[in-house]
Structure formats: C-alpha cells, structure tokens
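Quick one, fold the following:
(2 chains)
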Amino acid sequence: MSTRIQKDARPDSLLLNMGPSHPAMHGAVRIMLELDGERILNSEVEVGYLHRGFEKQCENRTFFNLLIYTDRLNYVSPLINNVGYVMTIEKMLGLDVPERAQYIRVLMSELSRISDHLTCLAAMAMECGAFTVFLYKMKAREFIWDVIEATTGARMTTSYIRIGGVRADLQSDYQASVQKAILETRKVLKDVHGLLDKNKIFLNRTRDIGSMTRDDAIAWGWTGPALRSTGIAYDIRKAFPYLVYDRLEFDIPTGERGDNYDRYMVRMKEMDQSLRIVEQCLAHLPKSSAALRAGGIEPADAIKISRTKKTRTDIRLSPNLEGAEKAVYKDILADDDRSVLPAKEDAYTTIEGLISHFQYFMKGHGIRPPKGETYFSVEGGNGEVGYYIVSKGSDKPYRLHLRAPCLPLLAALEELIKGRYVADVIPTFGSMNIILGELDR
Amino acid sequence: MEEKKILDDLKKKFPEKILESSAPFGDLTIVIPKAALLEIVDFLRKTPYEFKMLLDLTCVDHAGRTPRFEMVYHLLALTDRQRLRIKLSVAEDDLRVESLTPIWKNANWLEREVYDMFGIRFQGHPDLRRLFMYDGFEGHPLRKDYPLRKRQPMIPLRK
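Sure thing, here's the model as predicted:
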C-alpha cells in the first residue's frame, strides 16, 4: 500500500513500523515513522484495525438491542457509554428518571472514570518502566471492578444502565464494598504520587514532551483531561450538567503546559475529585423502598414458617439480577410501560404485563422515539462521548453516530511527536489514553 | 435567550443563506446552502460567540430523498457553553463539499471518515483517503444501499 509517508520519504531516511502488533499500542494502531537516526522526521498514524461497523450494526438493531454494542466502545469504562446512549434516547422520549437511579448512574460513572484513569496511567507508567505503579493501580482497579461486578453482574460488558433507569438496585452491602474501594484507591494514589511525581526518570520521559498549546488543543477538538491539561477548564459535568452533577461538589483540575506530565497530573487529580463525588453519592443516595429495608423474611424461611402458621407477606425479594424486582422498580426505573420492561412478576402473572412484555420486544414496536434528531454528550474517561441519533419514528435508529473523544486526540499525535525521539512516542501515546474500541467503532 | 440572539444575528448577517432554523429537542439547528458553508462557519468562529471548536462532523444518507445526503456539523462555543448544529444538503450527482481542514485541524480525520463511509468528496482536503477501511475496499459501507452482510472481493497481499 502506498501511504503518504512512503511517497514523501527522504531517500536517506529509515522507515519504521510501530504496530499494529506492538505492546505499547493499546490494541491495534499502526504508526509509520520516518527516522533520521533516533529523530522522527515524519510520521503517519493508521487506524481501522478494530473497525467493527458499530454504526452500521446499530442501524439494524432496535433501540433496546443496540445497548450491548455501546459496552464495547470504550471497554475500560463501559458504564459511561451506556449512560450517554441511554440519556440520548431519554432526551428524545422525554422520560423522567427516578432520583435514586440518577444517583446510581453518577456513582457508577465515577467509579468507571476512576477505573479508566487508573488503567491509562498504569499502562503509561509501565511503558515508561515503572512496573510497580502498574501493579499498584491494577490492584486498586480490582476493588473498583469488584463493586461494578457485584452491581452489574459483569466486569466489562455491563449493559447495566437501561432506558428509563438502571437494570437492578445496588447490592445490600454496597456501602461497605464502595468504602473499601475508596480506601484502597486513596492508598494507591498516595503511593503513586510518591513514586512518580518527582521521579527523575518519569520526569525526563514526560516533562515538556508532547506539549500542546491551548489554541491548538481547541483547533484539534480535544476534550476531557487532555484539553484540561492545557489549562482550559471545560468539563461537560459543569458546562452542561446532566443527572445530578449540579448538586454535587467537585473541582475541575487543570494543567498548564499540556504536556505528558500535565496529562498524568490532571488524571491523578481527577480521580481524587471522582472519589469525592462517590462519597457524596453514598451520603445523598435516596433511600430504597420499604420492601427492601424492612428486612422481610427469606423465601426459604417463609416456606418453613408456612407449615405451622399463615405466611407473612413481606418476603424479602432479592435485588440482584436474577431475582424478582417489582418492589424496587419504582426506585430505579421510570414509570412508563412503553419504554421500560415490565417486572417479571407482572409479565408472568398478569395478561397486561405479558402484553407489554411482548410489545416491548416485538418487531416494529418497542421503544420508538419521536421523529427527529438529537445530540447528547456525557463526560467520558477521555473526553466528550457524544451520540448523534436520527430517528424516523421506527424502532430502529435511522442513523447513529458516535463522537469518539479519542479520534481528535490520536489525530494530533503526528504533530506532537514530530521532531522528537522514538522513545517519546510511547509516553505521549500512553498519556492520551487511546481506546481503539471507541476510536475505530 | 442567547440562542435567540445567535439566530437573529445570523439572519441579519446572511438573510438569504439561513434556509431554516429550529431547535428540535433543544438543540439549536440551522440549515444552510452548500456554497455558504465556509463563509458562515468563519463568521461564527470570529463573532463574539466564538464557536471555536468543531465537535463533530458526520453525514446522513436519506436514501430515496432528493437531495440524498445531508452533512451535519456540530460546533461548540467554549465561552458561552453553547452548541450549534449546521446542516446542509448534498445531491447524489454532485458529492462535492468544501473541506473545513483550513479552519479546524480535526476536520482532516473526520472528513476522511465521512469520505470512507459515504463517499462525499471534500474539496481542498489535503489527503482524502479512507480512514477505517483499507485501500481496495469497494463501496461506502454506511450508505443505505450497502447491504449489511455484503462480502468484499479478496485483495492481493501487501508487499
């Protein structure tokens, strides 16, 4: 294939391929480098190795079905992708989501953001040679993923946020496990600050390397931590508040120089802020409905008791993914039988429930947002995750487009590494948090 | 209120070039003719609104309708926290659209993506190649007349 760089290369320079199968290329991206010794004269980034036709697939799936594809976009923080997609549909439908569900969404989004930043910085530090930091951060991420796993039933492919609310209520012991995750993450963050902040090797690899000016960052369309590292305090959670973010207190950390070190620092500070938000969510989370808190009796005990006397009615229903959930539905799902799946108790025992269950899944029925188009975005792990959806009134989107925050970041890489050394490619690429699943779609 | 002011100013400045303006689901949207794109975008960038960031750029294929394609641009004003959607129609027999690469750097990849997926030809783009698909791919996959399960011909191995 005749790429641009091959045509323009100087006859005495060396062409070097980095990737697509390279340990530091986070998935599959190919960087062609034109080298003069160790210095990079020119480069060309080639993407598309992970293209799965996300947008085309979505046009052929119903609004309910395509939720699972959004998990696979940014696979380090799938819950934020879910929130973005689901809220775009809710904007079109005009659904009101219960407050408890909104808090759960914020809680899950922030935990995902921490896991996203941890993964990015862990990989970046490891590629710079700090393997200890990698292990520490993976340890902290495990505790966060434990919470996510207990709540959603999956570690990565969560599909937990549903149109109208969330799939299930939090586990009864969520307070303890979230507190544990917060504690462990704080410990790790403190250790990592100590290991890296003034580490000479790390500073040499990151300080003033891959610097981006404010104007250029805007011209490149950068968002998220990368934009904030240049000193622009633009955060969608503050600029266009969604869910309950306007009720929560948090700061927007910014950098000054927009180099690799600032991107690292902004991510570290953002994790502190996310932990603050998580703590506030725990404190302000509206109480669940009485059926759960009353501590009714276990179904097995109820059967035992029923042998001797009349059964009590307050049997404890499991709030987990398999159990019956009707009691918690009004806390976590919108009251709208057209866009929310009916509770299993209703679907199995009443004719109305059965009808609405079938209508929900029947071809041509189900969730049908009104005609029109809309754009909605949320603050993802590495920037603005935006969905542009065109609906023609049917049960499938006519067009669904994802604004991937990684794309403008990676597009700027060629400019950032021009004139630098080969070794600088790795921390620059690492500090951007390129997730190819989201970029290539 | 701010939205109203932007629309009024635009209509005053380009009385014949704002074909339509609306706010579906609260998103401020204007429809402009294809030829006026650079002029209007440049105005929006420099006015006090400062729509300095190109958030996104994509295309919609309204198969069976004339004109068939519709380009959709999303701009963001960082100071005013305001988004604006610009739409323009592209006829199937004339797929040329002015490129925004001289104004925004990220337009480069975004336009390559739209060229790849829809076959829109951007005039003045420095390097209009496919972005996600490989060289030798036939057709434009996001067009509505491209079947979901279409097979592609084998291409020779790269040297």
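
quick one: stretch B:65-76 near chain A?
Yes. Residues of stretch B:65-76 are located near chain A by C-beta under 8 Å from any C-beta of the partner chain, namely B:72, B:74. The way it works is simple: take the backbone N, C-alpha and C, and place the C-beta from them, glycine included.

any idea how far that stretch is from the chain center?
With C-alpha atoms, centre = their mean, to the nearest Å as the basis, stretch B:65-76 stands 6 Å off its chain's centre.

for chain B, what spans make up the strands?
Using DSSP state E, the strands found in chain B span residues B:20-22, B:29-31, B:53-61, B:69-77, B:82-90, B:96-98, B:121-123.

near chain A, anything from the last one?
The reference is to strand B:121-123. No. Judged by C-beta under 8 Å from any C-beta, strand B:121-123 stays clear of chain A, getting no closer than 15.2 Å.

in that strand, what's buried?
Residues of strand B:121-123 classed as buried: B:Phe122 (neighbour count, 16 or more other C-beta atoms under 10 Å in any protein chain shown).

Could you list the paired strands of it along with their orientation?
Paired with strand B:121-123 in the same sheet, following DSSP bridges, are strand B:96-98 (parallel).

What is the burial count for A:Ile389?
A:Ile389 has 24 neighbours, counted by other C-beta atoms under 10 Å in any protein chain shown.

For the strands of chain B, which has the smallest mean pLDDT value?
Ranked by mean pLDDT, the strands of chain B end with strand B:20-22 in last place, scoring a mean of 79.

wait, does that one contact chain A?
No. Judged by C-beta under 8 Å from any C-beta, strand B:20-22 and chain A are separated, with a smallest distance of 9.5 Å.

Now do the SS call for A:Val385.
At A:Val385 the chain is in strand, as set by DSSP: H, G, I helix; E, B strand; the rest coil.

let me fix that: A:Thr308
Recorded secondary structure, A:Thr308: coil (three-state DSSP).

how about the residues of chain B near chain A?
Proximity of chain B to chain A, by C-beta under 8 Å from any C-beta, involves residues B:24-27, B:52-56, B:58, B:60-61, B:72, B:74, B:78, B:81, B:83, B:85, B:104-106, B:108-110, B:113, B:117, B:127, B:129-135, B:141-142, B:146, B:148, B:158.

So which of those residues belong to helices?
B:108-110, B:113, B:117 (DSSP state H).

For the strands of chain B, give me TSV that also has distance to A:Tyr398.
As requested, those are arranged in TSV below (distance: least, C-beta to C-beta, whole Å):
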stretch	distance to A:Tyr398
strand B:20-22	18
strand B:29-31	16
strand B:53-61	8
strand B:69-77	11
strand B:82-90	14
strand B:96-98	21
strand B:121-123	23
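
out of these, nearest to A:Phe250?
Proximity to A:Phe250 (C-beta to C-beta) singles out strand B:69-77 among the strands of chain B, at 21.6 Å.

Run a quick neighbour tally on the closest residue in space to A:Phe240 that isn't next to it in sequence.
Among residues not flanking A:Phe240 along the chain, B:Arg81 sits closest, at 6.6 Å (C-beta to C-beta, 6 or more residues apart in numbering or on different chains). Here the count is done by other C-beta under 10 Å, and B:Arg81 has 13 residues near it.

Let me see the confidence value for B:Arg81.
Model confidence at B:Arg81, given as pLDDT, is 83.

cool, and B:Lys13?
pLDDT for B:Lys13: 75.

picking that back up, now a ChimeraX select for only the buried ones of the residues of chain B next to chain A.
Remark: buried members of those, expressed as a ChimeraX selection using 16+ other C-beta under 10 Å:
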select /B:25,27,52,53,54,55,56,58,60,61,72,74,78,83,85,104,105,106,108,109,110,113,117,130,131,132,133,141,142
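
To which secondary structure element type does the closest residue to A:Pro253 other than its chain neighbours belong?
Nearest non-adjacent residue to A:Pro253, counting by C-beta to C-beta, 6+ apart: A:Lys269, 3.5 Å away. Secondary structure, three-state DSSP: A:Lys269 is helix.

Where does the prediction get shaky in chain B?
For chain B, the stretches with pLDDT under 70 are B:1-3, B:158-159.

can you rerun that using 90?
For chain B, applying pLDDT under 90 flags the ranges B:1-56, B:62-68, B:75-84, B:89-98, B:100-106, B:116, B:119, B:121, B:123-159.
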